[in-house]
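Trainee: Pasting the sequence and the predicted model now:
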Amino acid sequence: MAAKRNGALVSGPIPLPTRVSRYTVNKSPHVDKKSREQFQLAVHKCLLELSSFNAHLLSTFTNFQLPAGVDISVEVRDE
């Protein structure tokens with residue numbers, strides 16, 4: 001919303017492939033190989049492409065307050 005209000009052209013969000021890591025561990029430290037527990041970690045990513053933006057909008061995105069576990073990365077390209 002802030003990007004559209006500042007006059008930037010927005011394309012997205014474009015969902016990117018989800019990276020899934022699965023871990024299987026033994027429940028007991030000694031025996032019972034058949035007793036296992038499985039854990040899964042899924043990392044979701046999406047792409048938001050902005051064009052024709054200004055420095056104020058760039059500083060808004062870099063100073064954005066996000067909840068724990070959510071990250072944002074900004075890449076500026078000259079084309």
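Mentor: Cool, the structure landed. Residues are numbered from 1 along each chain as shown.

Trainee: need the helices for this structure, in chain order.
Mentor: 2-5, 55-62 (DSSP state H).

Trainee: Go through these and find the least confident stretch.
Mentor: Mean pLDDT is lowest for helix 2-5 out of those, coming in at a mean of 65.

Trainee: The closest residue to Leu50 other than its chain neighbours: how many residues sit nearby?
Mentor: Using Cβ to Cβ, 6 or more residues apart in numbering and skipping residues adjacent in sequence, the residue nearest Leu50 is Ala8, 4.7 Å away. Quick note: C-beta positions are derived from backbone N, CA and C, even for glycine. Residues lying near Ala8 (other Cβ atoms under 10 Å) number 16.

Trainee: do Asn63 as well
Mentor: 7.

Trainee: Repeat that for Gly12.
Mentor: 11.

Trainee: Do you have the strands of the chain handy? List them.
Mentor: 9-15, 19-26, 36-43, 46-51 (DSSP state E).

Trainee: report the angle between the axes of the last one and strand 9-15?
Mentor: Orientation note: strand 46-51 sits at an angle of 170 degrees relative to strand 9-15 (axes from the mean of the first three to the mean of the last three Cα atoms, to 10 degrees).

Trainee: ok, residues contacting strand 46-51?
Mentor: 3, 8-16, 57 (Cβ atoms under 8 Å, 6 or more residues apart in numbering).

Trainee: so what's Glu37 up against?
Mentor: With Cβ under 8 Å, 6+ apart, Glu37 has these contacts: 24-27.

Trainee: what does Asp32 give?
Mentor: Asn26.

Trainee: what's in contact with stretch 69-79?
Mentor: 58, 61-62, 64, 66.

Trainee: could you dump that stretch to PDB, C-alpha only?
Mentor: Taking C-alpha atoms only, stretch 69-79 is exported to PDB below (Å, rounded to 0.1, in the frame of the first residue of the first chain):
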ATOM      1  CA  GLY A  69      10.800 -15.000  12.000                       C
ATOM      2  CA  VAL A  70       9.900 -12.700   9.100                       C
ATOM      3  CA  ASP A  71      12.700 -11.100   7.100                       C
ATOM      4  CA  ILE A  72      12.900  -8.700   4.200                       C
ATOM      5  CA  SER A  73      15.700  -8.100   1.800                       C
ATOM      6  CA  VAL A  74      16.000  -5.200  -0.500                       C
ATOM      7  CA  GLU A  75      18.000  -5.300  -3.700                       C
ATOM      8  CA  VAL A  76      18.400  -2.200  -5.900                       C
ATOM      9  CA  ARG A  77      19.300  -2.700  -9.600                       C
ATOM     10  CA  ASP A  78      20.100  -0.100 -12.200                       C
ATOM     11  CA  GLU A  79      18.600  -1.000 -15.500                       C
END
